[in-house]
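Q: A predicted structure for the sequence below; I have some questions about it.
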There are 2 protein chains.
Amino acid sequence: MKIGELAKRSGLSAHTLRYYERIGLLPQADRDAAGRRDYDASVLAWIAFLGRLKATGMPIRDRLRYAALREQGAGTEPQRRALLERHRDRVRAQVAEQQACLLVLDTKIGAYAEAEQRMKDNDAQPNPN
Amino acid sequence: MKIGELAKRSGLSAHTLRYYERIGLLPQADRDAAGRRDYDASVLAWIAFLGRLKATGMPIRDRLRYAALREQGAGTEPQRRALLERHRDRVRAQVAEQQACLLVLDTKIGAYAEAEQRMKDNDAQPNPN
DNA sequence: GCTTGACTTGGAGTGCGCTCGAACCCGTAG
DNA sequence: CTACGGGTTCGAGCGCACTCCAAGTCAAGC
């Protein structure tokens, strides 16, 4: 698979894919005879997982560290697991925080809605008596 | 309340508070005779709310817009409400996505844990006949 | 009167995460 | 043979959100 094809399938731009490789999030891609990147389909799963780590706010340092451990391969599983476990805890806390924020948001929106309703009521009865 | 005091109470640095004022997230603070910022306690609630908007990932443009509407005061409630409602929808989607990611994370961690367990079992019975 | 410490401004610097442009190379279809 | 639609590298630029530094002002305590 060429980089354009991978871009389409992964939802990232070719620029971003090269950038990810440069900084070490993606492994060095194999090249065809002409020196062009030629990807194995398996990289899609890795990109998707990276996307999840990013969507949950894992800082780039940790993503780089996880990617490096993955590159190293066998023997790094305990570190990878520890990394993911710490991240999971942070994500859980984050989700809880966001849910608390949602309540606040609901309250605020409710207050605006109420105020608006009162305005309408006033318009409906311009002369109360 | 002086900026140092506000920094302590709000959890933001004095640098950040001045920065927020500069870009328009915080209203221009009143000044004392010597030209120093002298805050009203009410700004704490606003800072806390801004923090929630930020924690839920509202982009700075929208936070600036909301702050500007708030500055303008009366008459801008419908726009503020619309802004918050759009944001609430995005946050809900975000929370759902993060929860889905948590499941993936759990699965992955579980797989690492299992692999580790198998390793230990092997160590415990080095000669399984 | 002098030191200390909190404040002031303006502007530079930082880290993240892309995003884009320039200039070039290469294989294939017409 | 040439035009095109890919690909390549390198490096600059950008938007966010601070963060910090330098150089100065000012009020209060010793």
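A: Done, it's in. None of the values given here were measured: they were computed from a predicted structure.
Q: ok, and the closest non-adjacent residue to A:Asp38?
A: Closest residue to A:Asp38 apart from its sequence neighbours, by C-beta to C-beta, 6 or more residues apart in numbering or on different chains: A:Asp32 at 4.6 Å. Bear in mind the C-beta positions are built from the backbone N, C-alpha and C, glycine included.
Q: distance of A:Lys2 from A:Arg36?
A: 6 Å (C-beta to C-beta, to the nearest Å).
Q: Secondary structure element holding A:Leu17?
A: Take DSSP states H and E as the rule and A:Leu17 turns out to sit in helix A:14-23.
Q: is that helix anywhere near DNA strand C?
A: Yes - counting by C-beta under 7 Å from any atom of the strand, DNA strand C has neighbours in helix A:14-23: A:His15, A:Thr16, A:Tyr19.
Q: Can you give me the buried ones in that helix?
A: Going by neighbour count (16 or more other C-beta atoms under 10 Å in any protein chain shown), the buried part of helix A:14-23 is A:Ala14, A:Leu17, A:Arg18, A:Tyr20.
Q: ok, and which of the residues you listed reach chain B?
A: Near chain B, taking C-beta under 8 Å from any C-beta of the partner chain as the test, no member of the buried residues of helix A:14-23 is found.
Q: residues contacting A:Arg92?
A: A:Arg92 makes contacts with B:Leu102, as judged by C-beta atoms under 8 Å, 6 or more residues apart in numbering or on different chains.
Q: Regarding it, what is its secondary structure?
A: helix (DSSP: H, G, I helix; E, B strand; the rest coil).
Q: picking up where we left off before, how many residues are close by the residue nearest to A:Asp38?
A: 10 (other C-beta atoms under 10 Å in any protein chain shown).
Q: I'd like the next helix or strand past the helix holding A:Leu17.
A: helix A:43-55.
Q: Send over the helix or strand just after that following helix as PDB, restricted to the C-alpha atoms.
A: Under the assignment DSSP H and E, the closest C-terminal helix or strand after helix A:43-55 is helix A:60-72. Extracted as PDB, the C-alpha positions of helix A:60-72 are listed here (Å, rounded to 0.1, in the frame of the first residue of the first chain):
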ATOM      1  CA  ILE A  60       3.100  12.800  22.800                       C
ATOM      2  CA  ARG A  61       6.000  11.800  25.100                       C
ATOM      3  CA  ASP A  62       4.100   8.800  26.300                       C
ATOM      4  CA  ARG A  63       2.900   7.800  22.800                       C
ATOM      5  CA  LEU A  64       6.500   8.000  21.600                       C
ATOM      6  CA  ARG A  65       7.600   5.900  24.500                       C
ATOM      7  CA  TYR A  66       4.900   3.300  23.900                       C
ATOM      8  CA  ALA A  67       5.800   3.300  20.200                       C
ATOM      9  CA  ALA A  68       9.500   2.800  21.000                       C
ATOM     10  CA  LEU A  69       8.700  -0.100  23.400                       C
ATOM     11  CA  ARG A  70       6.600  -1.700  20.600                       C
ATOM     12  CA  GLU A  71       9.500  -1.300  18.200                       C
ATOM     13  CA  GLN A  72      11.800  -3.000  20.700                       C
END
